[in-house]
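A.B. asks: build me a structure from this.
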Amino acid sequence: MDNLHWLVPLILVALAFDFLNGFHDAANSIATVVGTRVLSPQFAVLWAAFFDMIGPLIFGTHVAKTIGKGIVDIHIVTPELVLAALVGAIFWNILTWYYGIPSSSSHALVGGLVGAGVSAHGTSSLVWWGLGKTVLFIFLSPLIGFVLGSLVFVVCAWICRRKTPHRVNTIFRKLQIVSAALYAIGHGTNDAQKTMGIIFMLLVSGGYLTATAPLPIWVILLCSVAMAAGTASGGWRIVHTMASKLTRLKPFGGFCAESSAAVALYGASLFGIPVSTTHTITGAITGVGNTQRSSSVRWSLASNIVWAWILTIPCSALVAGGVRLGIKAWLGH
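C.D. replies: Model (predicted):
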């Protein structure tokens, strides 16, 4: 493909994925604050969208560098490979949104990159250090969310042990607005950077940047706005699953889940680890629900969600690999 013909269209496809990421993951940012009825759904998505947008401007671009250079070898990246990776990720996002399953947009993108890279150059195209830590955190991020959610719940319960239930509810209805903003910042920080990494790959493969160049500010701003717009649109099917089906939360529990997940995302972003915000907040919600009463968590639904997590990378990889082979056949090389 001629560089002049593919760059802008592929950047638009990447931004479409970013929008869909925000749309698909709106549930992550607003599920608890909607489930506890602290904010109306319409106001909650606008609140989350605003903080989604400013998140990437705070914590740097470490995650973008991992996606851009740490999943597949950036020197073998072509427009066809990037397009196939994005199509694989978008396909999985739409499929899981349709069924209301809170899967990971991040891991769908990683799977798309893996499938497209392997179909083009075999496993030698993979950057194992980056892929390894990403796969490791498929398992660690929900566990970290679960543990932090449980600990924060216990600590807050001890602090509030002498207060009446009504007083606790009043305090945490206000605090949950703050924790929702903190979580949205973490979500925007980690997730928007993944699309930044894709656009960085495109610019490097087209000769517009070197592999060691810093990420242009216009890329950061575009991806932040696209993510925020998607979140503002709200993926209500998944919001319903996260907000009311998995467990029932009060403002106290909602604050504990959001704040603990936010801490986990901030840490991951600073270390350049592209974790799943979906995995993290689901783990935190489950940890809070389990600490209250184990039977309050719908474990059958939780197991279905885990299966979706396991299938995300291989399924999006298969689609991306097939798409790349199809593009290759269509172009005749």
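A.B. asks: report all helices and strands that the helix or strand harbouring residue 47 contacts.
C.D. replies: Element membership for residue 47, per DSSP states H and E: helix 41-54. If contacts are counted by 3 or more C-beta pairs under 8 Å, 6 or more residues apart in numbering; DSSP states H and E, helix 41-54 sits against helix 26-35, helix 165-205, helix 217-233. C-beta: built from backbone N, CA, C; applies to glycine.
A.B. asks: so the longest one versus helix 217-233, what angle?
C.D. replies: Helix 165-205 and helix 217-233 meet at an angle of 140 degrees, taking axes from the mean of the first three to the mean of the last three C-alpha atoms, to 10 degrees as the criterion.
A.B. asks: and the angle for helix 165-205 with helix 41-54?
C.D. replies: 50 degrees.
A.B. asks: how far out from the middle of the chain is the helix holding residue 47?
C.D. replies: 15 Å (C-alpha atoms, centre = their mean, to the nearest Å).
A.B. asks: kindly report the same for stretch 263-273.
C.D. replies: Relative to the centre of its chain, stretch 263-273 is centred 12 Å away, using C-alpha atoms, centre = their mean.
A.B. asks: which residues touch it?
C.D. replies: With C-beta atoms under 8 Å, 6 or more residues apart in numbering as the contact definition, stretch 263-273 has outside contacts at 59-60, 62-63, 65-66, 70, 133-134, 137, 141, 144-145, 148, 183, 186-187, 189-190, 193, 274-275, 277, 280, 284.
A.B. asks: how about 6 Å then?
C.D. replies: 59, 62-63, 66, 133, 137, 144-145, 148, 186, 189-190, 275, 280 (C-beta atoms under 6 Å, 6 or more residues apart in numbering).
A.B. asks: most neighbours among those, which one?
C.D. replies: For these, the largest number of neighbours (other C-beta atoms under 10 Å) sits with residue 280, at 34 neighbours.
A.B. asks: quick one on the thing from earlier: just the ones of the contacts of stretch 263-273 in strands?
C.D. replies: Among those, no member falls in strands (criterion: DSSP state E).
A.B. asks: nearest to residue 100, of these?
C.D. replies: Taking C-beta to C-beta as the measure, residue 100 sits nearest to residue 280 out of the contacts of stretch 263-273, at 19.0 Å.
A.B. asks: tell me how far the closest one lies from residue 263.
C.D. replies: Distance, residue 280 to residue 263, using C-beta to C-beta, to the nearest Å: 10 Å.
A.B. asks: just the buried residues of the helix or strand containing residue 321, please?
C.D. replies: Taking DSSP H and E as the criterion, residue 321 maps to helix 299-331. Under the neighbour-count criterion of 16 or more other C-beta atoms under 10 Å, helix 299-331 has 302, 305, 308-309, 311-313, 315-324, 327 buried.
A.B. asks: where does the stretch 101-250 of the chain dip in pLDDT?
C.D. replies: 102, 234-249 (pLDDT under 70).
A.B. asks: the same query, at a cut-off of 90, please.
C.D. replies: For the stretch 101-250 of the chain, the stretches with pLDDT under 90 are 101-108, 129-142, 145, 161-166, 168-170, 173-174, 176-194, 204-215, 224-225, 227-250.
A.B. asks: let's have the contacts of stretch 263-273 in a markdown table, adding distance to residue 36.
C.D. replies: As requested, the contacts of stretch 263-273 are arranged in a markdown table below (distance: C-beta to C-beta, whole Å):
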| residue | distance to residue 36 |
| --- | --- |
| 59 | 27 |
| 62 | 32 |
| 63 | 29 |
| 66 | 34 |
| 133 | 34 |
| 137 | 28 |
| 144 | 23 |
| 145 | 18 |
| 148 | 19 |
| 186 | 19 |
| 189 | 24 |
| 190 | 24 |
| 275 | 24 |
| 280 | 19 |
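A.B. asks: and the two most separated of these?
C.D. replies: 66 and 148 (22.2 Å).
A.B. asks: ok, which of the helices and strands packed on helix 41-54 comes nearest residue 113?
C.D. replies: helix 165-205 (8.3 Å).
A.B. asks: helices or strands next to that closest one in the packing?
C.D. replies: helix 3-24, helix 26-35, helix 41-54, helix 62-69, helix 217-233, helix 251-270, helix 277-292 (3 or more C-beta pairs under 6 Å, 6 or more residues apart in numbering; DSSP states H and E).
A.B. asks: mind giving me the packing neighbours of the fifth one?
C.D. replies: In terms of contact count using 3+ C-beta pairs under 6 Å, 6+ apart, helix 217-233 is assigned the packing partners helix 3-24, helix 41-54, helix 165-205.
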